[in-house]
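Trainee: sequence-free structure coming up:
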Ligand code: A2P
């Protein structure tokens, strides 16, 4: 399995298991299946509400001697309701306790968005806290001690655009080592890829398969990525599956990728994508599908009366 190498030499397996939308009762088996298959990178987050099951599966496999903690790469994320300085450490402590771990390999600020403490999602405009009140820099700086005291090995962000990354790079002594964002052939993110390469920030692609089980799938009318003609054609020609093409697309660009599955057959199929080699011409055909199209556009943060807008999230 290919790795991303961090400046201190730590290696993160490029391909990981996504656990967003993996419900309790399913994610436990999924993590076990994944690790037995050979996955060594699990992506989780407090808001997925399933870290206890993820942790239980990991703990059992470690106890059985199937895997060692030091051979796993575990990522989690700080939820938007814990951006106040005093909420950051308790949020990480809860995640570590749920995961039954004493450190994380990577901890990410989940969104450049703050909401009132105790909330999963806003119900009214007042639930949103403007960034002027809790600047991203303040929250970012509050995560630095977590690295210094060994609770996390690496720090990063998620859903950050270029100006927001620039701001952290300019204003903080600690640089984000990772930005996890939505990425797939409909959202190639060329500018972000170029910018992060220039500044040695790694990228992770979430929703690489088009997130067919996203909450808005039934009503948003967006095209089904796994059924795209070009993706299907390349898959047929190589005698592999469309999902394997989409995963291989990110791997071939040196971008970490975290397809979610709770199905044993698909968990194994996705892992096998590590063997698929795409030609430059095939990569170009996939890049040409770029439509700047997001399956997850952060619409939940920009409802009427919110201080956030789609423009401020993605295009400022
Ligand atoms: P399931 O969990 O039942 O396998 P994304 O990673 O882009 O968020 O996509 C996740 C969605 O894609 C889930 O609905 C997941 O369903 C499905 N999925 C995962 N792997 C595959 C695959 N190899 N082929 C088809 N669908 C897949």
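Mentor: Received, thanks. From a predicted model like this one, the values you see are computed outputs, not experimental measurements.
Trainee: how many other residues sit next to the residue lying closest to residue 104 once chain neighbours are set aside?
Mentor: In space, and not counting its chain neighbours, residue 104 is closest to residue 152: 4.6 Å by C-beta to C-beta, 6 or more residues apart in numbering. Where C-beta positions appear, they are placed from N, C-alpha and C, glycine not excepted. Number of residues near residue 152 (other C-beta atoms under 10 Å) recorded here: 25.
Trainee: Next: the one 3 residues further on.
Mentor: Neighbours of residue 155 under the rule other C-beta under 10 Å: 21.
Trainee: Likewise for the one 5 residues further on?
Mentor: Residues within reach of residue 160, counting by other C-beta under 10 Å, total 27.
Trainee: Show me what from the stretch 101-250 of the chain comes close to the ligand.
Mentor: 207-213, 226, 241, 243 (C-beta under 6 Å from any ligand atom).
Trainee: picking that back up, list the contacts for the residue nearest to residue 104?
Mentor: By C-beta atoms under 8 Å, 6 or more residues apart in numbering, the contact set of residue 152 is 92, 103-107, 143, 146.
Trainee: Kindly recompute the last result at 7 Å.
Mentor: 103-104, 106-107, 146 (C-beta atoms under 7 Å, 6 or more residues apart in numbering).
Trainee: Could you do residue 273 as well?
Mentor: With contacts defined as C-beta under 7 Å, 6+ apart, the neighbours of residue 273 are 244, 247-248.
Trainee: So it versus residue 120, what's the distance?
Mentor: Going from residue 273 to residue 120 by C-beta to C-beta, to the nearest Å gives 32 Å.
Trainee: Pull the distance from stretch 85-103 to the chain's centre.
Mentor: Its chain's C-alpha centre and that of stretch 85-103 lie 18 Å apart, by C-alpha atoms, centre = their mean, to the nearest Å.
Trainee: which residues touch it?
Mentor: When contacts are taken as C-beta under 7 Å, 6+ apart, the neighbours of stretch 85-103 outside the stretch itself are 44, 46, 51-52, 54-55, 58-59, 74, 76, 78-79, 82, 104, 107, 117, 138-139, 142-143, 146, 150-153.
Trainee: which residues in the stretch 101-250 of the chain form strands?
Mentor: Under the criterion DSSP state E, counting those that start in this stretch, the stretch 101-250 of the chain carries strands at the ranges 104-109, 114-115, 128-129, 152-158, 178-182, 202-206.
Trainee: could I get the ones you listed as TSV with mean pLDDT and distance to residue 313?
Mentor: Output for the strands of the stretch 101-250 of the chain, formatted as TSV (pLDDT from 0 to 100; distance: least, C-beta to C-beta, whole Å):
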stretch	mean pLDDT	distance to residue 313
strand 104-109	98	14
strand 114-115	98	13
strand 128-129	97	12
strand 152-158	98	12
strand 178-182	98	11
strand 202-206	98	15
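Trainee: Kindly tell me how buried whatever residue of the stretch 1-150 of the chain ends up closest to the ligand is, as a neighbour count.
Mentor: Using C-beta to the nearest ligand atom, the closest approach of the stretch 1-150 of the chain to the ligand is made by residue 18 at 5.0 Å. Residue 18 has 26 neighbours, counted by other C-beta under 10 Å.
Trainee: quick one, what contacts it?
Mentor: With contacts defined as C-beta under 7 Å, 6+ apart, residue 18 is in contact with 43, 206, 258-260.
Trainee: Now flag whichever of those is closest to residue 252.
Mentor: Ranking these by separation from residue 252, with C-beta to C-beta as the measure, puts residue 259 on top at 14.9 Å.
Trainee: so what does the worst-scoring helix or strand of the chain on mean pLDDT touch, helix or strand wise?
Mentor: When the helices and strands of the chain are scored by mean pLDDT, DSSP states H and E, helix 217-220 comes last with a mean of 92. Contacts of helix 217-220 with other secondary structure elements, assessed using 3 or more C-beta pairs under 7 Å, 6 or more residues apart in numbering; DSSP states H and E, are absent: no helix or strand is involved.
Trainee: So what touches that helix?
Mentor: By C-beta under 7 Å, 6+ apart, no surrounding residue is in contact with helix 217-220.
Trainee: let's go with 10 Å and repeat that
Mentor: Outside helix 217-220, the residues that touch it by C-beta atoms under 10 Å, 6 or more residues apart in numbering are 210-211, 214, 224, 295, 297, 299.
Trainee: Most neighbours among these, which one is it?
Mentor: Neighbour counts for the contacts of helix 217-220, by other C-beta under 10 Å, peak at residue 210, which reaches 26 neighbours.
Trainee: so it makes contact with residue 249?
Mentor: No - in this structure, residue 210 is not within contact of residue 249 by C-beta atoms under 10 Å, at 12.0 Å.
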